[in-house]
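1. Okay, predicted coordinates and the sequence, questions at the end:
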Amino acid sequence: MQAFVYTAAPARIVFGAGSSAGVAEEIRRLGLSLVLVLSTPHQKGDAEALAARLGPLAAGVFSNAAMHTPVEVTKNAVDVYRAAGADCVVSLGGGSTTGLGKAIALRTDAAQIVIPTTYAGSEVTPILGQTENGVKTTMRGPEILPEVVIYDAELTLGLPVAISMTSGLNAMAHAAEALYAQDRNPIISLMAMEGLRAMIEALPGVSAQPQDIKARETALYGAWLCGTVLGAVGMSLHHKLCHTLGGSLDLPHAETHAVLLPHTVAYVEEAVPDLLAPLAALVGGRAGTGL
Ligand code: NAD
């Protein structure tokens, strides 16, 4: 066995259909008193409903989260957060909303509770990508990692099938690249394979029956594992390409991953067939054949 270093990121994961009903409890458990709820414009209604349920614990809603975390949006959100006197953000949505929560936390030390509604996985990584003047830069740090993640599959039932599939492939890309990461280790490889297995099991079910809560739960479980490995080991060719293309040309994130993934994995497999053989077996392909 090759030598390795394994560093676990602290995380409180609350998983279960209906679990987002416990968000007020999580706020109090962290000793916090006032949250700003974040969303994209598309999920503004859901964010407002959540804020209404939180009553006096919610300072309000900021619903301008956008793909690739534009710095000018973050500046506006920080102004709203500070003016409200909040001590926590609740990010309700996909990677774009989680990214905004991380960017606010970086600038204000806000605590973060994330309720993910896609499979992007950002909620369990200490990574923040931000865009300014068409250039996307990425940073990492413990202050970026959200404190609590609530995975409630009921909130993913409305995720359109097309976004579910591309988002699922985005998650699988994290796990595929973890298998051949230079700093890979046995625990992360186990998580990566289980994340891939869960996604491969779930996505056909989500596609056939988007309201199937079991398939949605399995996909969310896979997203958690795939996100965790993204946060733990270095990503390679595939993520670098997506990052450069997405940030420079403002391409949609998950779609870019979905389109590139088969090509990048097939390309890398020629160099590291042994490391990708377990994935080839999982998808029923043969090693050495581009899966
Ligand atoms: P997204 O967050 O932009 O969501 C896409 C669209 O789907 C949005 O309009 C959103 O409101 C809508 N949506 C989300 N959940 C929904 C639901 N359940 N029902 C209906 N509509 C819903 O897309 P994404 O792919 O989740 O995130 C992409 C962003 O996340 C990119 O900026 C990417 O760089 C970032 N990201 C960061 C990391 C990290 O670790 N830092 C990891 C993955 C992705």
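-> On my side now, so go ahead.
2. And the average pLDDT for the helix or strand that contains Ala49 is what?
-> Assigned by DSSP states H and E, Ala49 falls within helix 44-54. The average pLDDT within helix 44-54 is 98.
3. what sits up against the helix or strand immediately after that helix in the chain?
-> Following helix 44-54 in sequence order, the next helix or strand is strand 58-62 (DSSP H and E). By CB atoms under 8 Å, 6 or more residues apart in numbering, the residues outside strand 58-62 that reach it are 34-39, 44, 47-48, 50-52, 76-77, 80-81, 84-86, 100. All C-beta atoms are positioned from the backbone trio N, CA, C, and that covers glycine.
4. now stretch 159-174
-> Contact partners of stretch 159-174, identified using CB under 8 Å, 6+ apart, comprise 94, 117-121, 156, 192, 195-196, 199-200, 202-203, 206-207, 210, 219, 222-223, 226-227, 229-230, 235, 238-239, 242, 252-255, 257-258, 261.
5. Try it again at 6 Å.
-> 118-121, 196, 199, 203, 206-207, 210, 223, 226, 229-230, 238, 254-255, 257-258, 261 (CB atoms under 6 Å, 6 or more residues apart in numbering).
6. how about Met185, what does it touch?
-> One correction, residue 185 is Asn, not Met. 4, 6.
7. Just the ones of the contacts of strand 58-62 in strands?
-> Among these, the members found in strands (DSSP state E) are 35-38.
8. Using a markdown table, please lay out those together with neighbour count, pLDDT and distance to the ligand.
-> As requested, the ones in strands among the contacts of strand 58-62 are exported to a markdown table (neighbours: other CB atoms under 10 Å; pLDDT from 0 to 100; distance: CB to the nearest ligand atom, whole Å):
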| residue | neighbour count | pLDDT | distance to the ligand |
| --- | --- | --- | --- |
| Val35 | 29 | 98 | 19 |
| Leu36 | 28 | 98 | 17 |
| Val37 | 32 | 98 | 13 |
| Leu38 | 29 | 99 | 11 |
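9. rewinding a little: helices or strands up against the helix holding Ala49?
-> strand 35-38, strand 58-62 (3 or more CB pairs under 6 Å, 6 or more residues apart in numbering; DSSP states H and E).
10. let's see 8 Å
-> Where contact means 3 or more CB pairs under 8 Å, 6 or more residues apart in numbering; DSSP states H and E, helix 44-54 is packed against helix 23-29, strand 35-38, strand 58-62, strand 88-93.
11. Show me the strands in the stretch 101-250 of the chain, by range?
-> 111-116, 127-132, 135-140, 148-151 (DSSP state E, counting those that start in this stretch).
12. Give me the most central residue, this structure.
-> What sits nearest the mean C-alpha location of the chain, by CA atoms, centre = their mean, is Gly121, with 2.0 Å.
13. Up against the ligand, what does the stretch 1-150 of the chain have?
-> 40, 42-43, 67-69, 93-97, 99, 117-118, 120-122, 125, 127-129 (CB under 6 Å from any ligand atom).
14. quick one: low-confidence ranges for this protein?
-> 286-291 (pLDDT under 70).
15. what domains does the record give for it?
-> Following automatic domain parsing, one finds the domains of the chain at 12-156, 161-282.
16. Endpoints of the shortest one, how far apart?
-> Right, domain 161-282. 23 Å (CA to CA, to the nearest Å).
17. go on, the first one?
-> Criterion CA to CA; first-to-last residue distance in domain 12-156 is 20 Å.
18. So what's the gap between it and the chain middle?
-> Mean-position distance between domain 12-156 and its chain equals 12 Å (CA atoms, centre = their mean, to the nearest Å).
19. cool, the last one as well?
-> For domain 161-282, the gap between its own C-alpha mean and the chain's C-alpha mean amounts to 11 Å (CA atoms, centre = their mean).
20. For the ligand, tell me whether it is touching it.
-> Yes. Domain 161-282 reaches the ligand (CB under 6 Å from any ligand atom) through 163, 167, 170, 230, 253-254.
21. neighbours around Gly231, how many?
-> Neighbourhood size, Gly231 [other CB atoms under 10 Å]: 20.
22. and it, what does it touch?
-> Counted by CB under 8 Å, 6+ apart, Gly231 has contacts 9, 121, 124-127, 145.
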